[in-house]
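> Structure for this input, please:
(2 chains)
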Amino acid sequence: MPDSNKRTYLEIKNLWKYFGKFLALKDVSLEIKEGELVCFLGPSGCGKTTLLRAIAGLDLQSQGTITQGGADISNLPPSERDFGIVFQSYALFPNLTIKRNVAYGLENTGRSKPEIAARVSELLTLVGLPDQGDKFPAQLSGGQQQRIALARAIATNPGLLLLDEPLSALDAKVRVHLRHEIKELQRKLGVTTVMVTHDQEEALAMADRIVVMNHGVIEQVGTPTEIYREPKTLFVADFIGEMNQIPAIAGKSERVKFVESDMESLPHAFAEGEDIIAAIRPNDIIPHGDGARSPGADDTVETEANAIKVTVSEMEFLGSFWRCRLQHPIFGGNELIADFSINAVRRLELAEGGDMLIELPKGRLMAFSRMEQAA
Amino acid sequence: MTETATVSAIESSESKRVVRGKLSRDDIVMRGSMIVIGLYLVVTMVFPLYAMLSKSFSTYTFDLAAYEVQVSDESGENFSAPVTLLALNEELGVVSASDLNAGSDGRIGVTQFFPDFSFRSPVNYRLRNTTDAGRFLVGSTLNQSVEWIELDSNTFRRVQLRPVKETGLGNFRTYFETPALSQSIMNSVIIAVISTIITVTLAFWFAYALNRSCMRFKGFFRLVAMAPILVPSLLPGIALVYLFGNQGFLKELLFGASIYGPIGIVIGSVFFTFPHAFLIISTALSISDARLYEASVVLRGSPWRTFWTVTIPGARYGLVSAAFVVFNLVITDFGLPKVIGGQFNVLAVDIYKQVIGQQNFEMGAVVSVVLVLPAIVAFAVDRLVQSKQVALLSARSVPYAPSPNARLDWTLFAFSSLIAIFILGILGICQFAALVKFWPYDLSFSLNNYQFDRMDGGGWASYLNSIKLGLLTAVVGTAVIFFGAYLVEKSNGFKTGRAIFQMFAMLPMAIPGMVLGLAYIFFFNNPDNPLHFLYGTLAILVICTVTHFYTVSHLTATTALQQMDREFEAVSASLKQPTLKLFTRVTVPVSLPAILDISIYLFINAMTTVSAVVFLYSPKTSLASIAVLNMDDAGDIAPAAAMGMMIFYTNAAARILHLIASRGVLSRTQAWRRR
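You can find the predicted model right below:
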């Protein structure tokens, strides 16, 4: 959790970046606290890597300032900034042994040879590869290479660690394992870390705070739960997790209307009668009916207005749950996607073509502008 | 979108200033080094070419109307009315109109306009320029004033008129009005086109045999095909003289036609351009996708149809590229037509004749400009085509594996054997001729022809010079070129500078060697040039050779560097380590195979090149390849062949050493490549 008492370590103010006529960053401002792990998340081309490279000084911003630890670093070259970096490609020097790779940044810094050797073996132990020091990078697996790249980046105790899609080149299983390790390591060292990723799961699992970006602007900054539970924009809602999007009309502050059906929703700021998009996540939809809950549990509809009878048009088995497509005249041609647990489906004896009662819980039903969808 | 709105918003807000990056020490070092190497290219290529171009547009003529004279009587006091030299010349006709066109060093003595002149006579002369443009020498003092000066007879004797320089197309007009000169354009183009067609056809089938058949001895054929690269282009000329020349034992095969001329040039050109065409086409054939052949078989295409719809289209960029490379090599080659061209004039030899034979530097420059044009076109087309060839490569292609087909395999084997016999025959004839006493009368073994010190051409010293040149070129050239390529590939920002550098690095390939060499005369032999001291030294030969072969080496280096992770520099900077440390510790070791390739390329070309250096060597720095040329010129053909074969053996040895070194380097410093 972000600790609001901690002081700001990295401050980005009004950053703009052009590549020729292409606008890659549009007035981006952001504060990163000391010791925090922040993920830049977004689709490719959203500007997240551009922002990281601006922080590193690898591609200078066109306008705007960056302050690190109180000092203005806006126009400094990378070599005069204080950061360690890990790339997707690892960028390990192929002709140097693992030891010499890790020692690379420690040389010419006034450290004696034994000091360097001690620090290298300390780092190799830290990343869990104490015996691999004399091998060459090509002799290690991808995950091992990435750990070495990490060890090399933190060898000099930089104030800031930058990770540019560090896990994207790895197998799914290695990725899950390594993201946990990186997170552990980051906590242990307490180093302020910025990680770029396009993988929402990775961001949700690792970040203290997530910065969701799209088309060169920051859409939302928040903790993983905030981003998931309270997306500020339809883009964020859609990009992280899955989201049903159904055209609707705004009712009074806490209501949305599907044709004649008036449902309760989360509070919104739209005027009554305005065209909106109503949104709800597939796994937030509650199935009702005999046996919908585990035996003995209470199956009461919380909000009568939000309960409707739908037809199951299609069912798809996805391993840990069933994905159902639900139809109802009030949704027009749109189908509602709902994920139900295997148990619920079995107890309700759901089948394609059957009818069922569902509820769109008011605390999960959101309203977004239709303008955004058009864009 | 709102993008346009925000763009104007940002432009209007003056308060936000554009961030200008501070340069790191590495940035400054790298940019500085890039500028230094860029300047090297400017001084060793752009300036000389400019000097040559301006030379080609310079005409020097004597304007007799620009001088006025008065002559006194015997008393030396009473002067006649002023009269121009033009008027005197019209009266006496001592200087013809063609004499008035001169080179930059032209001089006309003034006394010839006065038939009764005697340096002992008491008669005094007055002389002046009528315009500012006129000029004349009194002794060695240049006079450009319009004031009268009075001279006694003895001094007047030492007055010489100097031509006036004009800039214009005069030289080009003369060139195209002289059929003996302009005919060479047609000759060169015809020779180049015929050679191109023959070479590309032969090279295609040879490459086809090696890539698409199951014939035997492929490794041997591949080796033989590359042999011509190791000898100067004029060596096949010498072999052809032995075979088909006036004393040649196969002379009758020509049915009375002479080998001295187009026939000899074409056969020789096929020999020395063959490996170049073969390499390019072979690469094109080797990257073809087997799935296309499978598809064709499934669709029941006949082998013939498959050949025209799959093989040829797949190799078409290679074929076009090979054609232009061969065309360029033939049209710019000097050594071969010099040896076997006879009376058949081609452009490259014309430059030599104009400059060395007639000392007409301006006309040499004109022919050079004419020669550069087709060379540049061929170069441009080749670059364009090669960039497309890259696009054909796909990571998912499946390499084609030929299946045995006895008839096809043996036909191709027979064809390849003929090519191999041709190549080995040319080399064998030269070696045989070098080792016999006196072709064709006394075929007993002798080493007389290796006593180079007894012949023209510089003797064994020139052979040693060649080795020195080769080694220096390889070392200096590789260092400069690889470092230059590194800077242009890996430095930050500085886009304009890098683009200009890249352009300079590509230019040498479009410049024929003869043109570069001549341009060097104009630039470095100018006494006002502070670099004049280089003229006549081995250093200028090294510089010229490095520049001449810059482009291919630069491209090799660039390709190797592009294959390296582009984030190394970023990592190095983040670790606060100097980029030069990265360069020496990582970039160079990882690129060693490419670096060795560049050095062997430079060495072999330095050993075999004739064209650029033929204008630049001095008696002390004569080279083996030049010695071949000069001994052949002097009629010592057998020693020329012997020296040519020395070059061959040296290059072959260098190539083997390179192979061993590459292997050694790979196993020692590239241990990381092994898993």
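> how close does residue B:283 sit to residue B:314?
Using CB to CB, to the nearest Å, residue B:283 is found at 12 Å from residue B:314. Using the backbone N, CA and C atoms, a C-beta is placed for each residue, glycine as well.
> Alongside chain B, which residues does the stretch 1-150 of chain A contribute?
Taking CB under 8 Å from any CB of the partner chain as the contact definition, the stretch 1-150 of chain A meets chain B at A:14, A:16, A:23, A:26-27, A:56-58, A:60-64, A:74-81, A:83-85, A:87, A:89, A:91, A:93-96, A:104-105, A:107-109, A:136-139.
> Now the buried members of the residues you listed.
Neighbour counting with 16 or more other CB atoms under 10 Å in any protein chain shown marks A:14, A:16, A:23, A:26-27, A:56-58, A:60-64, A:74-79, A:81, A:83-85, A:87, A:89, A:91, A:93-96, A:104-105, A:136-137, A:139 as buried within the residues of the stretch 1-150 of chain A next to chain B.
> re earlier: return the subset of the residues of the stretch 1-150 of chain A next to chain B lying in helices.
Among the residues of the stretch 1-150 of chain A next to chain B, the members found in helices (DSSP state H) are residue A:56.
> The stretch 51-200 of chain A: strands as residue ranges?
Taking DSSP state E, counting those that start in this stretch as the criterion, the stretch 51-200 of chain A carries its strands at A:63-68, A:71-72, A:84-87, A:160-164, A:192-197.
> Make TSV from the ones you listed and add mean pLDDT to it.
Formatted as TSV, the strands of the stretch 51-200 of chain A follow (pLDDT from 0 to 100):
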stretch	mean pLDDT
strand A:63-68	93
strand A:71-72	92
strand A:84-87	94
strand A:160-164	95
strand A:192-197	96
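> Can you check which of these gets nearest to residue B:380?
Relative to residue B:380, the nearest member of the strands of the stretch 51-200 of chain A by CB to CB is strand A:84-87, separated by 37.4 Å.
> What helices and strands are in contact with that closest one?
helix A:142-154, strand A:160-164, helix B:568-574 (3 or more CB pairs under 8 Å, 6 or more residues apart in numbering or on different chains; DSSP states H and E).
> Kindly calculate the angle that the second one makes with strand A:63-68.
I take that to be strand A:160-164. Using axes from the mean of the first three to the mean of the last three CA atoms, to 10 degrees, the direction of strand A:160-164 lies 120 degrees away from that of strand A:63-68.
> Against which helices or strands is strand A:160-164 packed?
helix A:48-56, strand A:84-87, strand A:192-197.
> repeat for the first one
With contacts defined as 3+ CB pairs under 8 Å, 6+ apart, the packing partners of helix A:142-154 are strand A:84-87, helix A:98-103, helix A:113-126, helix A:172-189, helix B:568-574.
> Just the mean pLDDT for the longest one, thanks.
It refers to helix A:172-189. Per-residue pLDDT over helix A:172-189 has a mean of 91.
> Check stretch A:100-115 too.
92.
> any residues touching it, and which ones?
Stretch A:100-115 is touched from outside by A:84, A:92-93, A:96, A:116-117, A:119-120, A:123-124, A:133, A:137, A:148, A:151-152, A:155-156, B:572, B:574-577, B:581, with contacts defined as CB atoms under 8 Å, 6 or more residues apart in numbering or on different chains.
> Just the buried residues of those residues.
Listed as buried from these are A:84, A:92-93, A:96, A:116, A:119-120, A:123-124, A:133, A:137, A:148, A:151-152, A:155-156, B:572, B:574-577; burial here means 16+ other CB under 10 Å.
> Any stretches of chain A with poor pLDDT?
Low-confidence segments of chain A, defined by pLDDT under 70: A:1-5, A:291-297, A:372-375.
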